[in-house]
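1. Quick one: sequence plus predicted model below, questions after.
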Amino acid sequence: MREIVPGLRYWTAPHPSWEPGAEPESEGDWPEQVGCVLFEAPDAVVFIDPLVPDSLWPDLDERVAGRRVVVLTTIRWHGRSRDAVLERYGGTEGPMPAGVEPIPVEGFGETLYWLPEPRALVAGDHLIGDGEGGARMCPSRWLDEMPETGGLEDLRAALSPLLELPVEHLLLSHWEPVIGGGRDALAAALRR
């Protein structure tokens, strides 16, 4: 687990559904390692899209240490280790803890989470790393898996209000997170 700032941690774990050799820009084109977040909010330990390898449980046990646990999911197929975390810690999927603001992406089936205190934005699949230390929007073919959504221009419009946030860190599920300079990376992603 990597500490981004005190009380905010990020880790990656190999996703069991990952398949090597996906066609570039296809719905299967993402790295085996996926990102996960732990945030120690004032009234709960918050897990966002957790995927927990066995070796990480002792560290998580220490972080939780009997406190209330809330598990949040950015997009419906990011269930990952949600049920295991809920069972292990007697956690819940609500109510929303203090210090966490959900930002639904209207028409795209995703909820991003804004963490004002560490100035971190947690994204699921619609904002991803660009492989060069920045961020980009997901490939258009990823949207094909969600017939109820619009195209990339519609997504760009839906995400543009995020530019009003003082984002310092972009914690992404796919490819590397952006630590520092998050708002600039977000603006660049929305321009592409």
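-> Yes, it's here. Numbers count the residues shown, from 1 in each chain.

2. Tell me how far the residue located most distally from the centre of the chain lies from E153.
-> The C-alpha centroid of the chain is most remote from G66, which lies 24.4 Å away (Cα atoms, centre = their mean). Per Cβ to Cβ, to the nearest Å, G66 is found 48 Å from E153. Just so you know, the C-beta spots here come from the backbone N, C-alpha and C atoms, and that holds for glycine as well.

3. Please apply the same query to W11.
-> For W11 relative to E153 (Cβ to Cβ), the value is 34 Å.

4. Neighbour count: these two, which is higher?
-> Per other Cβ atoms under 10 Å, whichever of W11 and E153 has more neighbours is W11, with 19 against 9.

5. Please save the CA atoms from stretch 52-65 in PDB.
-> Output of stretch 52-65 as PDB, limited to C-alpha atoms (Å, rounded to 0.1, in the frame of the first residue of the first chain):
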ATOM      1  CA  VAL A  52      -7.600  -7.400  -1.700                       C
ATOM      2  CA  PRO A  53      -4.800 -10.000  -2.100                       C
ATOM      3  CA  ASP A  54      -4.400 -12.300   0.900                       C
ATOM      4  CA  SER A  55      -1.000 -10.700   1.700                       C
ATOM      5  CA  LEU A  56      -2.700  -7.300   2.300                       C
ATOM      6  CA  TRP A  57      -5.300  -8.300   4.900                       C
ATOM      7  CA  PRO A  58      -2.900  -7.800   7.900                       C
ATOM      8  CA  ASP A  59      -2.100  -4.200   6.900                       C
ATOM      9  CA  LEU A  60      -5.800  -3.500   6.300                       C
ATOM     10  CA  ASP A  61      -6.700  -5.000   9.700                       C
ATOM     11  CA  GLU A  62      -4.300  -2.600  11.300                       C
ATOM     12  CA  ARG A  63      -5.800   0.400   9.500                       C
ATOM     13  CA  VAL A  64      -9.300  -0.600  10.300                       C
ATOM     14  CA  ALA A  65      -8.600  -1.500  14.000                       C
END
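
6. what comes into contact with it?
-> 1, 9, 11, 13-14, 36, 38, 40, 45, 80-81, 84-85, 88-89 (Cβ atoms under 8 Å, 6 or more residues apart in numbering).

7. Output stretch 173-189 as PDB, restricted to C-alpha atoms.
-> C-alpha atoms of stretch 173-189 as PDB (Å, rounded to 0.1, in the frame of the first residue of the first chain):
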ATOM      1  CA  SER A 173      -8.500   2.100 -11.500                       C
ATOM      2  CA  HIS A 174      -6.500   1.600 -14.700                       C
ATOM      3  CA  TRP A 175      -2.900   2.600 -15.200                       C
ATOM      4  CA  GLU A 176      -1.000   4.800 -12.800                       C
ATOM      5  CA  PRO A 177      -2.600   7.400 -10.500                       C
ATOM      6  CA  VAL A 178      -1.700  11.100 -10.900                       C
ATOM      7  CA  ILE A 179      -0.100  12.300  -7.700                       C
ATOM      8  CA  GLY A 180       0.200  16.000  -7.700                       C
ATOM      9  CA  GLY A 181      -1.000  18.100 -10.600                       C
ATOM     10  CA  GLY A 182      -4.300  16.300 -10.800                       C
ATOM     11  CA  ARG A 183      -6.400  19.200 -12.100                       C
ATOM     12  CA  ASP A 184      -3.900  19.900 -14.900                       C
ATOM     13  CA  ALA A 185      -4.000  16.200 -15.800                       C
ATOM     14  CA  LEU A 186      -7.800  16.200 -15.700                       C
ATOM     15  CA  ALA A 187      -8.000  19.300 -17.900                       C
ATOM     16  CA  ALA A 188      -5.600  17.600 -20.400                       C
ATOM     17  CA  ALA A 189      -7.600  14.400 -20.400                       C
END
